[in-house]
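1. All I have is the shape, not the residue letters:
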């Protein structure tokens, strides 16, 4: 099991930046992968980015590629999402998630942090 707590959300104008944090109750290296997802009002949950915690390999949704960066600090058991050049369409509740094993899927979720981008 792993508990995840997100922070760092807020309100920002278009073009601004925010950094989201996700504090985990165990080392990120003891998971297989960690990711960020988001859900806008009236829409389904959307995958944003994944980091494979041992290799450090990352992948991104096309909608955020080149603007967002996922990273981890194992010493702090923390996952980050640096968000730059924010757009109003990035407005959503952002969630971090963990997959503990290969093939297990993202089964562990935080409570979310709200990001609002105004034009």
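-> Received, thanks. Bear in mind the structure is a predicted one, so any value in this text is a computation, not a measurement.
2. What does the pLDDT read for residue 27?
-> pLDDT, residue 27: 88.
3. Could you do residue 102 as well?
-> Residue 102 carries a pLDDT value of 89.
4. show me what contacts it?
-> Counting by Cβ atoms under 8 Å, 6 or more residues apart in numbering, residue 102 touches residue 32. Where C-beta positions appear, they are placed from N, C-alpha and C, glycine not excepted.
5. SS state for it?
-> Reduced to three states with DSSP: H, G, I helix; E, B strand; the rest coil, the structure at residue 102 is coil.
6. Just read off the phi/psi values of it.
-> With angles defined as degrees, to the nearest 10, residue 102 sits at phi -60, psi 130.
7. measure it to residue 83 for me?
-> 28 Å (Cβ to Cβ, to the nearest Å).
8. tell me, what residue is most central in the protein?
-> For the chain, the residue nearest the mean C-alpha position is residue 36 (2.6 Å; Cα atoms, centre = their mean).
9. thinking that residue is in contact with residue 98, fair?
-> No. The criterion here is Cβ atoms under 8 Å, and residue 36 misses it with residue 98 at 11.1 Å.
10. Give me the buried stretch members for stretch 5-12, please.
-> Burial within stretch 5-12, assessed by neighbour count using 16 or more other Cβ atoms under 10 Å, is assigned to 6, 8, 9, 12.
11. This structure: strands as residue ranges?
-> Assigned by DSSP state E, the strands in the chain fall at 4-7, 10-13, 18-24, 33-39, 45-52, 58-60, 68-73, 78-83, 92-99, 108-109, 113-118.
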